[in-house]
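Undergrad: Below: sequence and its predicted model.
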Amino acid sequence: MNLKRYIEILLYFSGIQTAVASEPVDSALHPRRLFLAIHTQQGSMLNTHESTIIRNYYVGLDFRIGWQTDDFARDIFDGLFRYPQYGIGYYMGNMNRIILGDDEQSGFGKPAALYAFFASPVVRRKPFSVHYDISLGISYNFNAYDPQSRPHNILVGSKNNAYINLRFSTEFALRGYSTLGLSFSFQHFSNGSYQKPNKGINLVSGILSYQLGTYKNHEKSYRRFPIDPYRPVWEWQIFWANGVRMLDTGFDFNQPHKSKRWYCTSVSTAVLLQTSHRRKFGLGFDYFYFDWGRYVIEYRARTEGRAATSRWYNSMALGAYLAHEAGYKKVWFITHLGFYITDHTGDLKQPWIYERVGIKYRITSRFTIGVSIKAHLTKADYTEWTLGYTILKNASRRKLRFRPCRAVDAY
């Protein structure tokens, strides 16, 4: 990079316009895509458990800093997702007015969360737009279960939990730099059975938002552009997943932190057909090893007053699943719906159907890392940390072409 271009970029970042620029500065380096947002929310908890709710009201506030993609770079993925937003946010909630049981003082506290978000428009018609929004992060500062002070809080057994937020929003772009929005939100907090009890907290809320951008709304451009057709290609995936969890079987509510955590692992393989730049469909198989399998069989026998002998294969199971993946650049969201082929030893009574929802990141063309939740009928079983490898049938077909081209119509 020559000295003139270096000075030009510094001037753009400082907000000073230069009259000597001989060529435009790359939009990816320009801060005009940056925006700040504040969201206020009010809602209640879904009653999905046995405890009596005597109060059910909460408020929340979160702040976001993010980037609004536009059509300057002609990025294929930005065009396919109708120019999404992404960034990081910080959530703060007050759940002290959500009271379980008969204890007026045992609210859920004032949790906070740090998260990453991705928001893509379904419809964009200036000045209105409709978005879906996905947020994933880590929360802390919950009033967790305690046998003495909070015996009715059977929803979260730990102060730190995973944070998931699904949101549907309608936004209205004002004149100038501002945007107003109304949203319906579903929030979920859970530790993935790492610490029992862990039924999870599910919240629904309405949200009012205000967003301030760094360039005017009427200057934003979201035009479509031609994209080369994608030639479908098959790929073969292999990934290894590991996790730990507590069991309901034999769990001592009087000494929750002394219960044992059990190891679980799985090896999975799947064949998928990538039908477009951003979607894959396929069929896969799981091999599970549950460290708790033999223990559960023996525990059930003792509680029923009968003799039982566990075998080494009681800790293993095979499953098959349907797979779907949706990708944005190097990030892929995965959803699996599976069923056990062989007998499986679960925690108490588990259904034969299981689900997996997660995210993975492509660190090279073949290796991926990720995290997912394995669940049974939406109840979390455990959290999986994964390492994957992909074998491509024809790697050259998956290369995406990024090239400047003429816009053809507008969203």
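TA: Happy to help now that I have it. These numbers were taken from a predicted model, which means no experiment stands behind them.
Undergrad: going forward, measure contacts and count neighbours with C-alpha atoms only.
TA: OK.
Undergrad: in this protein, which strand has the most residues?
TA: Scanning the chain for the strand with the most residues, using DSSP state E, yields strand 109-125.
Undergrad: Parallel or antiparallel, which strands does that strand pair with?
TA: strand 85-94 (antiparallel), strand 128-142 (antiparallel) (DSSP bridges).
Undergrad: Distance to residue 102, mean pLDDT and mean neighbour count added to those strands, as CSV?
TA: Output for those, formatted as CSV (distance: least, C-alpha to C-alpha, whole Å; pLDDT from 0 to 100; neighbours: other C-alpha atoms under 10 Å):
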stretch, distance to residue 102, mean pLDDT, mean neighbour count
strand 85-94, 19, 96, 19
strand 128-142, 19, 95, 19
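Undergrad: Same list, those strands, but as TSV with distance to residue 100 please.
TA: Formatted as TSV, those follow (distance: least, C-alpha to C-alpha, whole Å):
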stretch	distance to residue 100
strand 85-94	15
strand 128-142	14
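Undergrad: Of all the ones you listed, which one comes closest to residue 289?
TA: Of all these, strand 128-142 sits nearest to residue 289, with 27.3 Å by C-alpha to C-alpha.
Undergrad: tell me what the helix or strand that the closest one is followed by is packed against?
TA: Scanning forward in sequence from strand 128-142 by DSSP states H and E, the next helix or strand is strand 161-173. Other elements packing on strand 161-173 under the criterion 3 or more C-alpha pairs under 8 Å, 6 or more residues apart in numbering; DSSP states H and E are strand 128-142, strand 178-190.
Undergrad: nearest to residue 211, of these?
TA: Closest of the helices and strands packed on strand 161-173 to residue 211 is strand 178-190, at 5.0 Å (criterion: C-alpha to C-alpha).
Undergrad: Report the buried residues of the closest one.
TA: Residues of strand 178-190 classed as buried under the neighbour-count rule (16 or more other C-alpha atoms under 10 Å) are 178-190.
Undergrad: Of these, which is the nearest to residue 83?
TA: For the buried residues of strand 178-190, the nearest to residue 83 is residue 179 (16.1 Å; C-alpha to C-alpha).
Undergrad: Show me the beta-bridge partners of that closest one.
TA: On the basis of DSSP bridges, residue 179 is bridged to residue 173, residue 211.
Undergrad: Verify the contact between it and residue 215 for me.
TA: No. Residue 179 is beyond contact range of residue 215, at 11.8 Å (criterion: C-alpha atoms under 8 Å).
Undergrad: Now do the SS call for residue 314.
TA: Of the three states, residue 314 takes helix under DSSP: H, G, I helix; E, B strand; the rest coil.
Undergrad: Tell me, how many residues neighbour it?
TA: 20 (other C-alpha atoms under 10 Å).
Undergrad: which stretches of the stretch 51-200 of the chain have low pLDDT?
TA: Counting by pLDDT under 70, the stretch 51-200 of the chain has low-confidence residues at 51-52, 103-105.
Undergrad: Format the buried residues of strand 178-190 as JSON lines; extra columns: distance to residue 97.
TA: Shown next, in JSON lines, are the buried residues of strand 178-190 (distance: C-alpha to C-alpha, whole Å):
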{"residue": "178", "distance to residue 97": "33"}
{"residue": "179", "distance to residue 97": "31"}
{"residue": "180", "distance to residue 97": "28"}
{"residue": "181", "distance to residue 97": "26"}
{"residue": "182", "distance to residue 97": "24"}
{"residue": "183", "distance to residue 97": "22"}
{"residue": "184", "distance to residue 97": "21"}
{"residue": "185", "distance to residue 97": "19"}
{"residue": "186", "distance to residue 97": "18"}
{"residue": "187", "distance to residue 97": "17"}
{"residue": "188", "distance to residue 97": "17"}
{"residue": "189", "distance to residue 97": "17"}
{"residue": "190", "distance to residue 97": "19"}
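Undergrad: Pick the one among the residues you listed closest to residue 129.
TA: Among these, residue 181 lies closest to residue 129 (C-alpha to C-alpha), at 9.4 Å.
Undergrad: how far away is the closest one from residue 66?
TA: 16 Å (C-alpha to C-alpha, to the nearest Å).
Undergrad: again, but for residue 306
TA: Distance from residue 306 to residue 66, by C-alpha to C-alpha: 60 Å.
Undergrad: Between the two, which is the more surrounded one?
TA: Comparing residue 306 with residue 66 by other C-alpha under 10 Å, the one with more neighbours is residue 66, at 19 against 9.
Undergrad: what sits opposite the more buried one in the beta ladder?
TA: When assigned by DSSP bridges, residue 66 has beta-bridge partners residue 35, residue 87.
Undergrad: surely it meets residue 90?
TA: No. Taking contacts as C-alpha under 8 Å, residue 66 lies outside contact range of residue 90: 11.8 Å.
Undergrad: Regarding residue 343, what is its secondary structure?
TA: coil.
Undergrad: next one: residue 79
TA: Look at residue 79: counting by three-state DSSP, its state is helix.
Undergrad: Verify the stated contact: it with residue 71.
TA: Yes. Under the criterion of C-alpha under 8 Å, residue 79 makes contact with residue 71 at 7.3 Å.
Undergrad: Looking at the residue lying closest to residue 41 once chain neighbours are set aside now. What's its pLDDT?
TA: Spatial nearest neighbour of residue 41, excluding adjacent residues (C-alpha to C-alpha, 6 or more residues apart in numbering): residue 207 at 4.3 Å. Residue 207 carries a pLDDT value of 97.
Undergrad: ok now do residue 264, which residues does it touch?
TA: Contacts for residue 264 (C-alpha atoms under 8 Å, 6 or more residues apart in numbering) come out as 242-245, 288-291.
Undergrad: Mind checking the strands paired with strand 109-125 for the one nearest to residue 382?
TA: Within the strands paired with strand 109-125, the stretch nearest residue 382 is strand 128-142; the backing value is 15.8 Å (C-alpha to C-alpha).
Undergrad: what angle do that closest one and strand 178-190 make?
TA: Direction vectors for strand 128-142 and strand 178-190, defined by axes from the mean of the first three to the mean of the last three C-alpha atoms, to 10 degrees, enclose an angle of 40 degrees.
Undergrad: pull the CA atoms of strand 128-142 into CSV?
TA: The C-alpha coordinates for strand 128-142 follow below in CSV (Å, rounded to 0.1, in the frame of the first residue of the first chain):
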residue,chain,number,x,y,z
PHE,A,128,-40.4,-0.7,5.8
SER,A,129,-38.6,-4.0,6.3
VAL,A,130,-39.4,-7.3,8.1
HIS,A,131,-36.5,-9.3,9.7
TYR,A,132,-35.7,-12.5,11.5
ASP,A,133,-33.0,-12.3,14.1
ILE,A,134,-30.9,-15.0,15.8
SER,A,135,-28.7,-14.4,18.8
LEU,A,136,-26.4,-16.8,20.6
GLY,A,137,-24.2,-16.1,23.7
ILE,A,138,-23.4,-16.7,27.3
SER,A,139,-25.4,-15.3,30.3
TYR,A,140,-24.4,-14.9,33.9
ASN,A,141,-25.7,-13.6,37.3
PHE,A,142,-28.8,-15.8,37.7
